[in-house]
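Undergrad: Got a sequence here, can you build the structure:
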Amino acid sequence: MSAGNHWGGSLEIHGDEATDDEQSRNLDLDPRAVNRRQFLDETQQSWLLGPQVAKKRKNEYVDLGCFVCKRKLLWWVLGTLFVAFVVIGVPIIIAKSLPKHKASPPPPDEYSKALHKALLFFNAQKSGRLPKNNGIPWRGDSGLSDGVNQTDLNHGLVGGYYDAGDNIKFHFPLAFSMSLLSWSVVEYSSKYKALGEYDHIRDIIKWGTDYLLLTFNSSATKIDKIYAQVGVAKNGSTTPDDHFCWQRPEDMSYPRPIISVNSAPDLAGEISAALASASIVFRDNPSYSSRLLRAASTAYSFARSSSRRTPYSRSNPEIANFYNSTGYWDEYMWSAAWMYYATGNSSFANFATDPRLPKNAHAFASVADLGVLSWDNKLPAAMLLWTRLRVFLNPGYPLEESLRGYFNATGLTMCANLRRFNVFNWTKGGMSELNHGRPQPLQYIVNAAFLANLYADYMDAAKVPGWYCGPFYFSTDVLRSFATSQINYVLGDNPRKMSYVVGYGKNYPRRVHHRGASIPHNGVKYSCTAGWKWRDAKTPNPNTITGAMVGGPDKFDGFSDVRTNYNYTEPTMAGNAGLVAALISLTSTGGGLGIDKNSIFSALPPLFPAAPPPPPPWKP
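TA: I've put the predicted structure just below:
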């Protein structure tokens, strides 16, 4: 066939040679058709072949050694990685390069704030040669000659705590304060640690127990007397003493008689409880703990002596006018509990659960006033301590009968606290009148708040949701509500909107009945009567006694911020000890830690007989 071009024009369809793909496709076509197609010009192609097929772009590949991939895919992957680095990696690198800061702890609750302040009150009350870190700038060394002339005292009676706004050291409420503080540490040591106050509270307790070891021959196994008080005051006196004179402790210029007693079942029992409970607190210091326990045993034996059963304040007006003891059976039950937990000696448990003891103590008499904890009445605290044994260890016979009685009586005490049963009157502002409207009510309500919340913690730890008051069943939340209502009242939730803890909040008493706080720390030594101008001044105290809980309002929620009216404005050791115990039980700062359920029992032997040994292996 002629290869001539009958229409003219180029004989090639494409200017370039056919690609390999085209050639491969052409192998399947009729050679003549293909040959003819090669001679069509563009015009012919348009109306003979239809729309021209666009030439496909050749894929480009990249050889990465181990595999081959398309160049577009490679760029897409690299681009994605770059974007991810910018979006995710860069912020991480920046965050890692910034200085690291620990996460801020949750803000402290109001109870922990008040607790930090309440503990400082004890620093302000210290007598003797003060440590450099005492932290109260207007206080200094004082009472350095107390008891130094007593021939039977190797180290005198230097140290301890002044009880209130005067300069007397009353050993009965001092010992009770140490017992109560030690109890709070035994139950809530984790909370004290979380708040950073564990070392502080132990220092406070040790300052008190070191002094209590001086009040009798603590190295002996048998004693015949104990010292009950340093300093005296007579109402209406016109001769220099601790009430007639208004002087800073550092400037005392009047005689300070020392009172000893030959019979003290109550005082010695309380000192025994203080030393025994502190021995548990200081178990990490074996030598000191053992020393406390030996002295506690000596004091306990003195308290239990059958020939020394006259209350320590009997025929002692210098004592009875201020801290008169109304009995000693409650101290027997209280001290026996602490001696049992400290030693594990079952004789203390047997004594405390002997039916004659609760009978003599009127433990099951359902007398409302006997359910109110105070420096004079330890019965409700003692029964709660023995209830603790039943709740967690349930020792059974022969202790069960009395322990069940203590358990039931404790439940009734908690019922009596509830407003709905009208056992006690309440002020319109919400304060329970546990002392029947008499002066200085706050020390009683903080004690009740502590016991109520502690009992609730016992039940929570034992997985018990509540308790019965007759036919009525109440959850533990009811106890906590009572406890918080009373402590909130103290901290300012009252008609006067006044905090009765000095230094807490903005509105608190400024004219506290306190010699050291009311006299300027200006280097001037004011005489016995020259200090009266500071006592009678209308101006606020020049020194703030931070953390002091004053006596409190009257039964009409009224309060008089007057320095000379001690019923309203005087703080006490026992009152502040109860406040500290209640606050540590209520605070949730540090994770809401509960009680230490088991440490108190660590000295107790097994309550049940050991299992007999297995029989010898059988032999044919």
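Undergrad: mind listing the helices in the stretch 201-350 of the chain by residue range?
TA: 265-281, 286-304, 317-323, 329-343, 346-352 (DSSP state H, counting those that start in this stretch).
Undergrad: Including mean pLDDT and distance to H243, could the ones you listed go into TSV?
TA: Backbone N, C-alpha and C define where each C-beta goes, glycine included. Listed next are the helices of the stretch 201-350 of the chain as TSV, based on pLDDT from 0 to 100; distance: least, C-beta to C-beta, whole Å:
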stretch	mean pLDDT	distance to H243
helix 265-281	98	22
helix 286-304	98	29
helix 317-323	95	10
helix 329-343	98	27
helix 346-352	97	39
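Undergrad: Kindly list the longest helix within this protein.
TA: Ranked by residue count, the top helix of the chain under DSSP state H comes out as helix 171-194.
Undergrad: gap between that one and the chain center?
TA: 10 Å (C-alpha atoms, centre = their mean, to the nearest Å).
Undergrad: Repeat that for stretch 183-195.
TA: On C-alpha atoms, centre = their mean, the centre of stretch 183-195 falls 5 Å from that of its chain.
Undergrad: show me what contacts the closest residue to G590 other than its chain neighbours?
TA: Counting by C-beta to C-beta, 6 or more residues apart in numbering, G590 lies nearest to A194, which is 2.6 Å off, once chain neighbours are set aside. A194 makes contact with T589, G590, G591, L593, according to C-beta atoms under 8 Å, 6 or more residues apart in numbering.
Undergrad: What distance do you get for the last one to K206?
TA: When distances are taken as C-beta to C-beta, to the nearest Å, L593 and K206 turn out to be 23 Å apart.
Undergrad: I'd like the mean pLDDT over the helix or strand harbouring A581, please.
TA: Assigned by DSSP states H and E, A581 belongs to helix 573-586. For helix 573-586, mean pLDDT is 98.
Undergrad: same for that helix, what does it pack against?
TA: Under the contact definition 3 or more C-beta pairs under 8 Å, 6 or more residues apart in numbering; DSSP states H and E, helix 573-586 sits against helix 110-124, helix 171-194, helix 442-461, helix 476-491.
Undergrad: any chance of those helices in TSV, plus distance to W375?
TA: Shown next, in TSV, are the helices and strands packed on helix 573-586 (distance: least, C-beta to C-beta, whole Å):
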stretch	distance to W375
helix 110-124	16
helix 171-194	4
helix 442-461	8
helix 476-491	18
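Undergrad: and of those, who's closest to R248?
TA: Among these, helix 110-124 comes nearest to R248, with 11.7 Å by C-beta to C-beta.
Undergrad: residues contacting A574?
TA: For A574, the contact set (C-beta under 8 Å, 6+ apart) comprises P173, F176, S177, L180, S374, W375, Q443.
Undergrad: now, the most widely separated pair of those residues?
TA: S177 and S374 (11.7 Å).
Undergrad: more neighbours, the two?
TA: Using other C-beta atoms under 10 Å, the more surrounded residue of S177 and S374 is S177, with 29 against 21.
Undergrad: Quickly note the distance from the residue lying closest to L120 once chain neighbours are set aside to A114.
TA: Nearest-residue entry for L120: G547, 4.2 Å, with adjacent residues in sequence omitted and distances by C-beta to C-beta, 6+ apart. G547 sits 8 Å away from A114, going by C-beta to C-beta.
Undergrad: between those two, who's got more neighbours?
TA: Neighbours were tallied for G547 and for A114 using other C-beta under 10 Å; the higher tally belongs to A114 (28 against 24).
Undergrad: burial count for the residue nearest to that one when sequence neighbours are not counted?
TA: Once flanking residues are discounted, A114 sits nearest to Y504: 5.0 Å by C-beta to C-beta, 6+ apart. Counted with other C-beta under 10 Å, the neighbours of Y504 add up to 22.
Undergrad: What of D596?
TA: The burial count for D596: 15, using other C-beta under 10 Å.
Undergrad: cool, P286 as well?
TA: Neighbours of P286 (other C-beta under 10 Å): 10.
Undergrad: so what's it up against?
TA: P286 neighbours (C-beta under 8 Å, 6+ apart): none.
Undergrad: Secondary structure element holding Y568?
TA: Per DSSP H and E: helix 566-569 holds Y568.
Undergrad: Check which helices and strands that helix is in contact with.
TA: Packing partners of helix 566-569 (3+ C-beta pairs under 8 Å, 6+ apart): none among the helices and strands.
Undergrad: And for that helix, what's in contact with it?
TA: Contacts for helix 566-569 (C-beta under 8 Å, 6+ apart): 165, 439-440, 509, 511-513, 550-554, 559-563.
Undergrad: same thing with stretch 175-183?
TA: Stretch 175-183 has contacts (C-beta under 8 Å, 6+ apart) with 161, 201, 204-205, 208-209, 212, 267, 270-271, 273-274, 277-278, 280-281, 334, 338, 375, 378, 381, 447, 450, 573-574, 576-578, 580-581.
Undergrad: do that again at 7 Å, thanks
TA: The contact list for stretch 175-183, computed with C-beta atoms under 7 Å, 6 or more residues apart in numbering, reads 201, 204-205, 208-209, 212, 270-271, 273-274, 277-278, 281, 375, 573-574, 577-578, 580-581.
Undergrad: rewinding a little: please, a PyMOL command that selects the buried ones among the contacts of helix 566-569?
TA: Restricted to buried positions by 16 or more other C-beta atoms under 10 Å, the PyMOL selection for those reads:
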select buried, resi 165+440+509+511+512+513+550+551+552+553+554+559+561+563
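Undergrad: Mind pulling up the pLDDT for the residue nearest to A114?
TA: pLDDT, Y504: 98.
Undergrad: so it sits in a strand?
TA: No - counting by DSSP: H, G, I helix; E, B strand; the rest coil, Y504 falls outside a strand, being coil.
Undergrad: contacting residues for it?
TA: Y504 sits in contact with K113, A114, K117, L491, where contact means C-beta under 7 Å, 6+ apart.
Undergrad: got it, and S290?
TA: Contacts of S290 (C-beta under 7 Å, 6+ apart): none.
Undergrad: Swap in 8 Å and give it another go.
TA: Applying C-beta under 8 Å, 6+ apart, we find S290 in contact with S279.
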